[in-house]
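Visitor: I'd like to go over a predicted model; first the sequence, then the structure.
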Amino acid sequence: MSRVRLAVVLVLPLLLAFVGAARPAAAEKSAADLLPPSTLAYVEISDPKAVLSTTLDNPLRQQLEDSSAFRDAMDKPNAKKLKQVVKLIEDRAGVQWRPALEQISGGGIALAFEPLTQGVVVLVKPEDMKTAEAVRDALISMAEDDAKKHGKPDPVTTKAYRGLKAWHVNEAIVADLGPWVMISNKKGLAQRVADNFLDGGDALAGDEDFGAARRLAAGPGTPPSAWAFVRLAPIRLFAKSQQPWLDPASKSDNPGIEFVLGGLIPVAQNAPYATASLWAGHGGIKLAAAAPMDRAWVPAGRKFFFAAPPDGAAKPLRPPGTLLSLTTYRDVAAMWQAGPDLFTESVATQMAQTDSGLSALFGGKSFGNDVLGAFKPQMQLVVARNDFPAGGLTPTLKLPAAALVLEIRPDQFAHVRKHFRVAFQAGVALGNLNGAQQGRALLDLQTERRGDCEIQFATYSGDDDAPKEPAADKKVKKDAKSPKDDAYLNLSPAMALSNRRLILSTSRQLAEELADLDAKEQSPARIRENTLIAGNPNLAADLIKANREQLVAGNMLQKGHDRKTAEREISLLQAIAGAFSDARVRLLPEEKSIRFELEVKTVPDATADIAHEQEQKEH
Amino acid sequence: MAIDLRDLDSQWAWAPFEPSPQRPWSRRLAAHLYRRAGFGATSDELDKAAKLGPSTAIDRLFNPPAPPPEFERDSALLADRTADSGDPHDLAAWWLYRMLNTPDAPLEKLTLFWHGHFATSAVKVQKLQMMLDQNELLRSHARGKFDAMVRAISRDPAMLIYLDSTTNRRIHPNENYARELMELFTLGVGNYSERDIKELARAFTGYEVMGDGFRFDAAQHDTGTKSFLGRSGNFDGDAAVRVVLDQPAAPRFIARKLIRYFAFDEPAAPDVLVEPIAADLRAHDFQIDVAVRRILASNLFFSDHSVARKVRSPVELCVGLMRALGGTTDLVRLAHGSADLGQALFEPPNVKGWDGGRAWINSSTLLGRANLVGQVLSESETRFDASGDSLAAAADHAGATSPEAAVEWLLELLVAAPIPATARAVLVKLASPDDSGDRSRALANVIHAMSALPEFQLA
């Protein structure tokens, strides 16, 4: 297909539509007023400029465009063709693509799918007609030239429907409806939208679910830049045969998925609709998904997932250097006990066997009832920077430390202290046995107190790692090379116990910092969220910097790059991580709905600093 | 009808190849030389070699320019980091990086030979740093004196761990290393007795691995007289190696393996052809490159007895493809791909190394080879920067602008044996770009189709 013909197929219907909108508006109707109530899915971009600007004016854009991945993508034949088409339109219309796109779509865009006709409809509200006309003229002349060149008839024809003018371009139908321009691939759907424009009548806007969805998607505060609505019942009907988990009577065969998503499954099984929203701006972006929820939908076996209102997850402990904190409400003991109801027979049997096996490690106590039951459902995972003191043993690959923080039920402290102490010591002993077989240094087990917290920790001693001197009476020749497979040096396992919390950490430092934060909170606080994950990508940039050589080597081997290109890619990765100040994921159950949010905030100046650093390095 | 190798005049066979009207020096013969001495040649390298003639081309191959400092610096970085990773495939990826980027491909080819000869597996040794150290040991001795290499490998911690010889006490000598030294490393079966093994093992008492290094514990060394292979004396390990290599079977054993590795898989070289190379080894104190050079410069090497008479190993297939086309790709995945086809670097299957030859090919690996080539060519990480960004640019650079010329160009670079006319016609059709006009994609399809041909499996 020639470039011109491609342009006609791809762009002309849209442009004709934009130009058609020059006609005076008959009546101001929203896109939802025009669409039929049987619409299954609906997407509305109310502020296309904001979405474009967030993407195109991002401070990372230049660096991303310099990356080899972007260059490779731009070298693909389709990308090259698209660029040629855009260039042709720009030349003929005398416009630049971006302002043209902003002016043409500035009033908003809506897209819908209607299942009865299997049709898709796009409604666009242009902002500036001069630009649209210039682009239209360019496209028509390109189409005419191309048709002439190939001896074919004009690809654009016009027809009338109830006094409305419609353009037919290949399969697409385009018509102007007051301020709106409609494009559809199905005649029936196009006529239904036109009827709504002319006569009013039943429309999506009057649908009860759609109205509720619009309010749910908007959330509190600023309206979203874009939002979407989808009816779930028809999808469930269609997907049930292939997705057995949609049946409320089904049992799970994956405890991991059940732990992470178990409470959301009843929502997917019952909710009439779901929404998604996007807020875009220079400070960052936020994506949200929401659905109505009735707590009665959640069966007894899955009650482990939700706290009784207003309880929620624990307020996160965030020591200095926290890269990521996850706090969640999951009553694991209840989930374990509900095993036979929740899971398939084979999984339930495995859980029973695991319970029996782990009981041995905890002095004969039942793992499900006594060990897991000793803790409250609030649990946290903290990942933080691992500092290595100067002069000590430092691993080649520097990994962050991680800690699991569990809250102890008030009457269970003595049991937890006794059994976890023994289990921790047994774990260190097993680690040493394995380490000795691998020729590694041994962990030295010690205890310290910080306030009312007892910390047991094990560290690799520098002296232990030094080569042993040979016995004096032996003539020994020894290779001077020392081992470099030293990732284990990231570990200094620790267990902290206060009368509120149990902290299991991969590093002594993190355990101590968490113990200090625990001491400040006499009674653990709660938040509304069921789950909150908060990350600090800026600190991740530091981690990338600390492991730069390792990452460069990996890039050279896995992408086949030379060193210079690999260094540039790692710098870009560092710049991307450094450009974000905060990243959050929230799962928030409310009275009659449940909401999932992903939010990322940017630091505009961070990329400039890193780019400058890279420039200095290259010079 | 092919002449039986036993009927060949050994003097003619190992005499330097002189081009003649019947057997002119050509790009195809130059490609054969580069494929066997290293891993293949680019179009530019073939142009140069064709102008130089066989003798000078071989001189250049054996006297390469010093590697650029940045190559050794990057290789050291990658070696260091992959040895830390704990994954043998990562270390294998480092070695593939060397094979692909070194200006001295024959050195890496010889190192690969010795890796199969002194087979040691990371699966048992566990410590990648030791495997890396052994690899560097093999490389440093690869074209030097064999006796020095055997003495060094006798002290190599990875080898001693692999052969369960981490302790060797005088009251209970460990016979494993002594047995393999004679059976697999120097003499071959039938050239020693069980008693020779027991006596030789006494010479290596006191050889131990302590921590991560070799140590010689003099207190555990048996200082008594040892009698083996017709000699008696208070031999230590080094002296014992000398006694073993003094056996007439030793140079023959090595010569036979070198001929098989560089010249032809089948049939096994008869004694009459082995003896002149063995004599060279004896005369030059086991200097390996003398023997290798004689093999690669010979009439026999450039004859129909050698051209396309070897089956490419998976590593030769992977590296050869990328090197000939000036390409780079995800080397970790390439290392996994080679392993899936039966050649996991740093993980030979047993102490005998890889069987090679026809053992590389079965119905499963034949399909796997074509799949691997297809996968490599379609990966986004695969680029042809060294030859102008794309396969199409590489073809243009070589003057292969038409579909016919492109197929001819690729056959010359990648295939050792002539292919049937029907297959060539199919390849030419594939080389014509479709409506999308993506010529690189069309050439990738040609290579993928080529890789399924029996001729592609030969070197």
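Guide: Right, received. Where do you want to start?

Visitor: quick one: the nearest residue to A:Leu317 once chain neighbours are set aside from A:Leu323, how far?
Guide: The shortest distance from A:Leu317 to any non-neighbouring residue, by Cβ to Cβ, 6 or more residues apart in numbering or on different chains, is to A:Leu517 (4.6 Å). Every C-beta, even on glycine, is put in place using the N, C-alpha and C of the backbone. Per Cβ to Cβ, to the nearest Å, A:Leu517 is found 16 Å from A:Leu323.

Visitor: now swap in B:Glu408 and tell me
Guide: B:Glu408 is 56 Å from A:Leu323, by Cβ to Cβ.

Visitor: for the two, indicate the residue with more neighbours.
Guide: More neighbours surround A:Leu323 than the other of B:Glu408 and A:Leu323, with 21 against 17 (other Cβ atoms under 10 Å in any protein chain shown).

Visitor: after the helix or strand containing the more buried one, next one along is what?
Guide: With elements taken from DSSP states H and E, the one containing A:Leu323 is strand A:322-329. Remark: after strand A:322-329, the chain's next helix or strand is helix A:332-337, criterion DSSP H and E.

Visitor: just how off-centre is that following helix within its chain?
Guide: Mean-position distance between helix A:332-337 and its chain equals 28 Å (Cα atoms, centre = their mean, to the nearest Å).

Visitor: list the helices and strands it packs on?
Guide: Packing partners of helix A:332-337 (3 or more Cβ pairs under 8 Å, 6 or more residues apart in numbering or on different chains; DSSP states H and E): helix A:255-261, strand A:375-384.

Visitor: next one: the longest one to chain centre, how far?
Guide: The one in question is strand A:375-384. 21 Å.

Visitor: quick one: that strand to strand A:322-329, angle?
Guide: Strand A:375-384 and strand A:322-329 are oriented at 170 degrees to each other (axes from the mean of the first three to the mean of the last three Cα atoms, to 10 degrees).

Visitor: show me what counts as buried in strand A:375-384.
Guide: The neighbour-count check on strand A:375-384 (16 or more other Cβ atoms under 10 Å in any protein chain shown) flags A:375-380, A:382-384 as buried.

Visitor: how about these in TSV, adding distance to chain B and pLDDT?
Guide: Output for these, formatted as TSV (distance: Cβ to the nearest Cβ, whole Å; pLDDT from 0 to 100):
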residue	distance to chain B	pLDDT
A:Phe375	34	95
A:Lys376	38	95
A:Pro377	37	96
A:Gln378	36	96
A:Met379	30	97
A:Gln380	30	97
A:Val382	26	98
A:Val383	21	97
A:Ala384	23	95
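
Visitor: and which of those residues is nearest to A:Leu204?
Guide: Sorting these by distance to A:Leu204 puts A:Pro377 at the head of the list, at 41.2 Å, by Cβ to Cβ.

Visitor: surely the closest one and A:Lys303 touch.
Guide: No - the pair A:Pro377 / A:Lys303 is not scored as a contact, 10.3 Å apart, by Cβ atoms under 8 Å.

Visitor: now do the buried residues in stretch A:158-167.
Guide: Those would be A:164, A:166-167, for stretch A:158-167 by 16+ other Cβ under 10 Å.

Visitor: show the end-to-end separation of it, please.
Guide: 4 Å (Cα to Cα, to the nearest Å).

Visitor: returning to that earlier point: now intersect the buried residues of stretch A:158-167 with the helices, please.
Guide: Among the buried residues of stretch A:158-167, no member falls in helices (DSSP state H).

Visitor: so which of those residues is the closest to chain B?
Guide: A:Trp167 (27.6 Å; Cβ to the nearest Cβ).

Visitor: in contact with B:Glu194, which residues?
Guide: Listed by Cβ atoms under 8 Å, 6 or more residues apart in numbering or on different chains, the contact set of B:Glu194 is empty.

Visitor: what's across from whichever residue of the stretch 101-250 of chain B sits closest to chain A in the sheet?
Guide: Closest residue of the stretch 101-250 of chain B to chain A, Cβ to the nearest Cβ: B:Gly213 (2.8 Å). For B:Gly213, the beta-bridge partners are B:Met210 (DSSP bridges).

Visitor: so it makes contact with B:Pro157?
Guide: Yes - in this structure, B:Gly213 is within contact of B:Pro157 by Cβ under 8 Å, at 6.1 Å.

Visitor: of these two, which one has the most company?
Guide: B:Pro157 (26 against 20).

Visitor: the more buried one against B:Arg215, yeah?
Guide: No - B:Pro157 lies out of contact with B:Arg215 (Cβ under 8 Å); the separation is 9.4 Å.

Visitor: what's the strand holding A:Leu323 in contact with?
Guide: Applying Cβ under 8 Å, 6+ apart, the external contacts of strand A:322-329 come out as A:305-307, A:311-318, A:377-385, A:400, A:527, A:529-536, A:539-540, A:543.
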